[in-house]
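In: Starting from these lines, generate the structure:
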Amino acid sequence: MADLLEYKCPCCDGSITFDSTAQKMKCPYCGTEYEVEALAGYNDELRNETGDVMEWETAAGSTWQEGEAEGLCSCVCSACGGEIACDENTAATSCPFCGSPVVMSGQLSGALKPDLVIPFKLDKKAAKAGLMKHLSGKRLLPAVFKDQNHIDEIKGVYVPVWLFDADADAQVLYHATRLRNWSDSHYNYTETQHYLVHRGGSVSFANVPVDGSTKMADDLMESIEPFDVSEAVDFRTAYLAGYLADKYDVDAQQSVERANERIKHSTEEAFAETVQGYATVQTKHSGICLHNGRTKYALYPVWLLNTTWHGNRYTFAMNGQTGKFVGDLPVDKAAANRWLIGLTAAMSAAAYGVVWLMHLLGWL
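Out: Take a look at the predicted model:
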């Protein structure tokens, strides 16, 4: 039985057929026409591309030596089940992630010892100042939020992070376009030329971070990046004094998928920057092969601040090394409506001005 061949439109990915009238391949969805030879070469190029080969050696961290973990205890949150490491002098406290009470449950066990730690450089006072700075200048923030809002909890937490190193060989295909515009006395015309652009090469990645804790939201953790890993030191339990250390509940192997996503996205963006002179550039296909994949287990310093306002809980995070601060804020709906009305009025006035100018010039 003969194979049924299907060609996809490079513009919209719709199935295209041969148009006997135009003697070209034509997409019934977007109307784009292609020369048969050009489309055949395009499909051959895609068919020859290889997929990703992204495998890792995930033996990160090390075992605790005898007596090394003495004085370290683990606390279990009764609400979210999170487990954090603290020292033996830590009194009853609250979970830095959900705010619920935590109780001492015994000696730290069942976890790998970190390879590296980035020590805290900023203290609790800096975290409070970071929150005030974060609140300032926000036009849509309720005016009374800053006055009525109070900080329920400030905790310095070492967040577990898996660091991935690798060399990547990549082959990437981009769909690029060039536009040509012209007009006559009746119509405006736009010609779109489509190109298949190939890029290949090698790039090295070092210390690609993946959050190893389900309690710490990935988007929150990634929002306070980057951390300067050059300032990391070999792990010592002394760095935990006065802070909490979240125990990982996502191991290195489970973190591989997110590491591959970040490496793949970064590779495609880096190669795309070399595709110049086009109106648009989109990744069509990429094949990435990793070599010398290695992992490390590190602790990153984060200040977590929990606040309550009108019965709602707001969590903020600050990079304990650089001071970068993020967190969601409430929105004053009345102020947002006034801003939207003002923006609409400004756009309407601008549109009216354009129409008036066109009348003045005799274009309408």
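In: Which residue ranges make up each domain of the chain?
Out: In terms of domains, the chain is parsed into 1-48, 72-170+198-331, 333-364 (source: automatic domain parsing).
In: Let's test this: mean pLDDT of the longest one, rounded?
Out: Average pLDDT, domain 72-170+198-331: 83.
In: Next, the buried residues of the top strand by length along the chain.
Out: Identified as the longest strand of the chain according to DSSP state E is strand 150-183. Within strand 150-183, the residues that count as buried by 16 or more other C-beta atoms under 10 Å are 154-166, 168, 170-176. Heads up, the C-betas are built off the backbone N, CA and C, glycines and all.
In: what's the answer for stretch 312-327, then?
Out: Residues of stretch 312-327 classed as buried: 314, 315, 316, 317, 318, 319, 320, 321, 323, 325, 326, 327 (neighbour count, 16+ other C-beta under 10 Å).
In: just stretch 288-308 next, same as before
Out: 288-290, 293, 295-307.
In: Quick one: name whatever helix or strand follows the longest strand of the chain.
Out: strand 188-211 (DSSP states H and E).
In: Only alpha carbons, please: show that next one as PDB.
Out: Output of strand 188-211 as PDB, limited to C-alpha atoms (Å, rounded to 0.1, in the frame of the first residue of the first chain):
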ATOM      1  CA  ASN A 188      -1.900  48.500  -0.400                       C
ATOM      2  CA  TYR A 189       0.200  45.400  -0.900                       C
ATOM      3  CA  THR A 190       2.300  43.300   1.400                       C
ATOM      4  CA  GLU A 191       4.500  40.500   0.100                       C
ATOM      5  CA  THR A 192       5.700  38.000   2.700                       C
ATOM      6  CA  GLN A 193       8.800  35.900   1.900                       C
ATOM      7  CA  HIS A 194       9.400  32.800   4.000                       C
ATOM      8  CA  TYR A 195      12.800  31.300   4.800                       C
ATOM      9  CA  LEU A 196      14.000  28.200   6.600                       C
ATOM     10  CA  VAL A 197      17.100  29.200   8.500                       C
ATOM     11  CA  HIS A 198      19.500  26.600  10.000                       C
ATOM     12  CA  ARG A 199      21.800  27.200  12.900                       C
ATOM     13  CA  GLY A 200      24.100  24.700  14.500                       C
ATOM     14  CA  GLY A 201      26.800  24.800  17.100                       C
ATOM     15  CA  SER A 202      27.800  24.100  20.700                       C
ATOM     16  CA  VAL A 203      27.100  26.000  23.900                       C
ATOM     17  CA  SER A 204      28.100  25.200  27.500                       C
ATOM     18  CA  PHE A 205      25.800  25.600  30.600                       C
ATOM     19  CA  ALA A 206      26.900  25.900  34.200                       C
ATOM     20  CA  ASN A 207      24.800  25.900  37.300                       C
ATOM     21  CA  VAL A 208      21.400  25.900  35.700                       C
ATOM     22  CA  PRO A 209      19.200  26.000  38.800                       C
ATOM     23  CA  VAL A 210      16.000  23.900  39.500                       C
ATOM     24  CA  ASP A 211      14.100  24.400  42.700                       C
END
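In: Could you pull up the residues touching residue 290?
Out: Contact analysis of residue 290 by C-beta atoms under 8 Å, 6 or more residues apart in numbering lists 53, 54, 55, 56, 166, 167, 168, 263.
In: just curious, which of those residues is nearest to residue 223?
Out: The shortest approach to residue 223 among those belongs to residue 263, at 19.1 Å (C-beta to C-beta).
In: doesn't the closest one fall inside a helix?
Out: Yes: using DSSP: H, G, I helix; E, B strand; the rest coil, the secondary structure at residue 263 is a helix.
In: what residues are up against it?
Out: 54, 164, 166, 168, 205, 208, 288, 290 are the contacts of residue 263 under C-beta under 8 Å, 6+ apart.
In: how about the helices in the chain?
Out: 36-47, 124-135, 145-148, 218-223, 252-272, 333-360 (DSSP state H).
In: Show the contacting residues for the closest residue to residue 280 other than its chain neighbours.
Out: In space, and not counting its chain neighbours, residue 280 is closest to residue 177: 4.8 Å by C-beta to C-beta, 6 or more residues apart in numbering. The contact partners of residue 177, taken as C-beta under 8 Å, 6+ apart, are 192, 193, 194, 195, 278, 279, 280.
In: Distance of the fourth one relative to residue 28?
Out: Right, residue 195. To residue 28, residue 195 is 23 Å away according to C-beta to C-beta, to the nearest Å.
In: try residue 299
Out: In this view, residue 299 and residue 28 are 57 Å apart by C-beta to C-beta.
In: again with residue 221
Out: Counting by C-beta to C-beta, the gap from residue 221 to residue 28 is 46 Å.
In: Could you check which of the two is surrounded by more residues?
Out: residue 221 (22 against 11; other C-beta atoms under 10 Å).
In: Provide a list of residues in contact with the more buried one.
Out: Per C-beta under 8 Å, 6+ apart, neighbours of residue 221: 159, 161, 211, 300, 302, 317.
In: Looking at these, which one is closest to residue 227?
Out: residue 300 (5.4 Å).
In: wait, isn't the closest one in contact with residue 212?
Out: No: using C-beta atoms under 8 Å, residue 300 and residue 212 do not qualify as a contacting pair, with a distance of 9.8 Å.
In: shared neighbours, those two?
Out: 159, 161.
In: Can you tell me how far residue 306 is from residue 269?
Out: Taken as C-beta to C-beta, the span from residue 306 to residue 269 is 35 Å.
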